[in-house]
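Visitor: Show me the folded form of this:
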Amino acid sequence: MGEVTYITGHFADAAWVEASNVEDDIYYEDVDDVRDVRNYYDPNLGSKVYMSGITSGRTYGYVEEEWDEINHPVFGTLYDQLSADYDSDNGDSGAPIFKKYGNQVMISGVHWGSTATNALFSPISGVELDLDVEPLT
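Guide: Numbers count the residues shown, from 1 in each chain. Just a heads-up that it's a prediction; the model follows:
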């Protein structure tokens, strides 16, 4: 468990959380199958993306809208957000959004919510901008 130490909220639903157990592994198919992160980049419109959430498990869908301004319930307007048609549920917030690359993954963003029809996520470039950080690879 960690403690939030810094929140920005312009291009990502992201925060600094102090933790000592961070690894660059993603649950790929289930909890017995983790994969290394190879790299990271923002997905394009129409890209197939996967989410590995604590509630929904691994789901996938396609990016349907990109670079939208979306009203976030805590941060207000978040800029340059993406939406996709993968399934998600309460508790999945903070889940990695990724693309498969052979036996490895490439991080594409962070899941934070949903509408009646689509899941919402911050692109990895937004996390980099807001927190001035690069993902673990």
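Visitor: quick one, longest strand in this protein?
Guide: If you go by DSSP state E, the chain has its longest strand at strand 57-72.
Visitor: how big is the angle separating the next helix or strand after it from strand 57-72?
Guide: Moving toward the C-terminus from strand 57-72, the next helix or strand (DSSP states H and E) is strand 76-84. Counting by axes from the mean of the first three to the mean of the last three C-alpha atoms, to 10 degrees, strand 76-84 lies at 140 degrees to strand 57-72.
Visitor: Show me what strand 76-84 is packed against.
Guide: strand 57-72, strand 119-123, helix 124-131 (3 or more C-beta pairs under 8 Å, 6 or more residues apart in numbering; DSSP states H and E). The C-beta positions use only the backbone N, C-alpha and C, and glycine is treated the same way.
Visitor: Just tell me which of those ends up closest to residue 17.
Guide: helix 124-131 (10.4 Å; C-beta to C-beta).
Visitor: Out of the helices and strands packed on strand 76-84, which gets nearest to residue 22?
Guide: Of all the helices and strands packed on strand 76-84, helix 124-131 sits nearest to residue 22, with 13.4 Å by C-beta to C-beta.
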